[in-house]
Each structure stands twice: as C-alpha cells, then as structure tokens.
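> okay, structure incoming, though there's no sequence with it:
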C-alpha cells in the first residue's frame, strides 16, 4: 500500500530540533505559573497583581516588583515568601531577591481588548423624539443664547433618526 502524502504528521517530525525547545519552553512556563501561584498565596491577591516571579535559578527566587515602594514591602515579607515556597515543596529555595522594574506593570496587566471591544459595540445614546420636542418647546421660552443651544441639542434626535 502506498504512503499517502496528505496524512497528518507528528509535530516532532515536522519541527525536528524545535520540539525540544518547545517542550523546554512549555515546562518553564508551567513552572513559572506554579511559582506565581505560590507567590500569590504568600503575599495575597492585591500585592500579587503588582509583582511577579521573574526567575528561579539555583535556589534563588527573583521577584519583579512594579514600583520601589512595593519592592520595599516585599523585602519585609521575604521570610513569609520563603516559608510559603518551602511549604509548597521547594526545599531548595534558599534566597528571595526582589528587583524593581517599572515595565513589570505592563506585563502584569492582562491584555484583553475588552475596553476597545466595548467601545466598538457601544453605539451611543439616542435621543427620543419626545425629548427633542420637549427641548424645542423649552427653547421657545428661553433667552436667545440658551435657545440656540437647546435647538442644536434637539437636532441630534433628527440626526439619530436619519442614521437608522
């Protein structure tokens, strides 16, 4: 039977040497996520929004803080952080180093585009015809400067009606 050239192939067959790099990257990513979870348990959810585990190497845990004041506060909490990591099974963790990186806040904030999506979905308020009629009636008894502004505002109802 002939080999079908359109059969799906294994990922490691296609990527060759890259598969080791991908698995190493995946393992490192999972490890960092576990460390971040442990850090959150040690310092609480509020502080963990402004600090993250930057690296863990040779028994040294490096934490990146978004500001110098937060770094000072984390330095006071070093022993609690260290004991939390040891309780989590990282007995070889011997040192906690806190570094300040103002760009860390950008990395800590999630990058979902809900604000831009919200702006795109929001079509704006539409003035009803009844409100426009009330504004026109009110403008008839108002001083000239206010009358001009009220009539201009009432004209928005007509613009909204034309767009539909």
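In hand now; what should we look at? Given the structure is predicted, the values throughout are model-derived calculations rather than measurements.
> for the chain, where's the lowest mean pLDDT among helices and strands?
helix 114-121 (a mean of 54; mean pLDDT, DSSP states H and E).
> quick one: mean pLDDT for the helix or strand that comes right after it?
Next helix or strand after helix 114-121 toward the C-terminus (DSSP states H and E): helix 129-140. On average, the pLDDT along helix 129-140 is 86.
> could you list the domains of this structure?
20-108, 129-163 (automatic domain parsing).
> just the ones you listed: most buried one?
domain 20-108 (a mean of 15; mean count of other CB atoms under 10 Å). All C-beta spots, glycine's among them, are computed from the backbone N, C-alpha and C.
> so what's the gap between that domain and the chain middle?
Distance of domain 20-108 from the chain centroid (CA atoms, centre = their mean, to the nearest Å) equals 18 Å.
> I'd say residue 61 and residue 98 touch.
No - counting by CB atoms under 8 Å, residue 61 stays clear of residue 98, with 9.4 Å between them.
> ok, back up a step: mind putting the domains of the chain in TSV, distance to residue 4 included?
Output for those, formatted as TSV (distance: least, CB to CB, whole Å):
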stretch	distance to residue 4
domain 20-108	26
domain 129-163	56
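> which of those has the lowest average pLDDT?
When I compare those, domain 129-163 is least confident, with a mean of 83.
> and the next element down the chain from the single longest helix found in the chain?
Across the chain, the longest stretch assigned as helix under DSSP state H is helix 18-43. Sequence order places helix 45-48 as the next helix or strand after helix 18-43, per DSSP H and E.
> who touches stretch 92-101?
The contact list for stretch 92-101 (CB atoms under 8 Å, 6 or more residues apart in numbering) reads 54, 56, 59-68, 70-71, 74-75, 78, 81-82, 85-86.
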